[in-house]
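Visitor: A structural model of the following input is requested.
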Amino acid sequence: MSKRLMERMLGMFRSRTQVGVDRAGNHYFSRVEEVDGAMKEKRWIEFKGDRDPTTVPVEWICWLNGQRKKAPTPEELAELEARRERVKQNVELLKKKEEEERRAGVRPVKTIGKTDTPNLRSFTQQFPGTSEDKKKGLEKVSKPSGATDAEDATTDNDRCVRIQKFFSKCCNLC
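Guide: Sure thing, here's the model as predicted:
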């Protein structure tokens, strides 16, 4: 005899409680047994016909895994099935509506995310030497006529020091 058959025969003699049946005819059982000195509930399913786990409803899967304490009631299962059917119908209606709009060419353009860029004027005004006309950053900054590389380095160092002071003040406020 196979191991599975032996287990099924022994299961008939053990105390087990049928908890429910789903629409596919699968039966759900539970039994309290002692494991390592502690009483634990064992839950399992007996499939009707072929063993297809894709036919098990989500609510029963949650109960089998212990995510639910109580088994789903037939009323709850009927309500959830009706909700799923309504969602399917709504999806179909939306698909038809989108297809009609696409054919008619009246489909509105959807933008995702921010439409405006942030206003950084208040931030840039905190640093002397920056002006309103330098909106694109360092790309438009040009070297003044007659300026040397040493003068540029001094100006850059001054800016770095001012920026470091600004951020150190911000960090101290946090």
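
Visitor: From now on I want contacts and neighbour counts done on CA atoms only, so please keep to that.
Guide: Noted.

Visitor: Next, Pro72: phi, psi?
Guide: Here is the backbone geometry of Pro72 (degrees, to the nearest 10): phi -70, psi 140.

Visitor: Mind checking what secondary structure the closest residue in space to it that isn't next to it in sequence has?
Guide: Nearest residue to Pro72 in three dimensions, chain neighbours excluded: Glu59, at 6.4 Å (CA to CA, 6 or more residues apart in numbering). State at Glu59, reduced to three classes by DSSP: H, G, I helix; E, B strand; the rest coil: helix.

Visitor: distance of Glu59 from Arg31?
Guide: 19 Å (CA to CA, to the nearest Å).

Visitor: How about Gln125?
Guide: Distance, Gln125 to Arg31, using CA to CA: 73 Å.

Visitor: So which of these two has more stuff around it?
Guide: Just comparing Gln125 and Arg31: by other CA atoms under 10 Å the higher neighbour count belongs to Arg31, 15 against 12.

Visitor: which strand residues sit across from the more buried one in the sheet?
Guide: On the basis of DSSP bridges, Arg31 is bridged to Lys42.

Visitor: Touching, it and Lys42? I think so.
Guide: Yes - applying CA atoms under 8 Å, one finds Arg31 in contact with Lys42, separated by 5.2 Å.

Visitor: Retrieve the pLDDT associated with Lys169.
Guide: You'll see Lys169 listed with a pLDDT of 62.

Visitor: now do the one 5 residues further on
Guide: The per-residue pLDDT reported for Cys174 equals 49.

Visitor: How about Glu85?
Guide: With respect to pLDDT, Glu85 has a value of 94.

Visitor: Same check on Ala104?
Guide: pLDDT, Ala104: 85.

Visitor: Please apply the same query to Glu99.
Guide: With respect to pLDDT, Glu99 has a value of 89.

Visitor: what do you get for the one 10 residues further on?
Guide: For Val109, the model assigns a pLDDT of 60.
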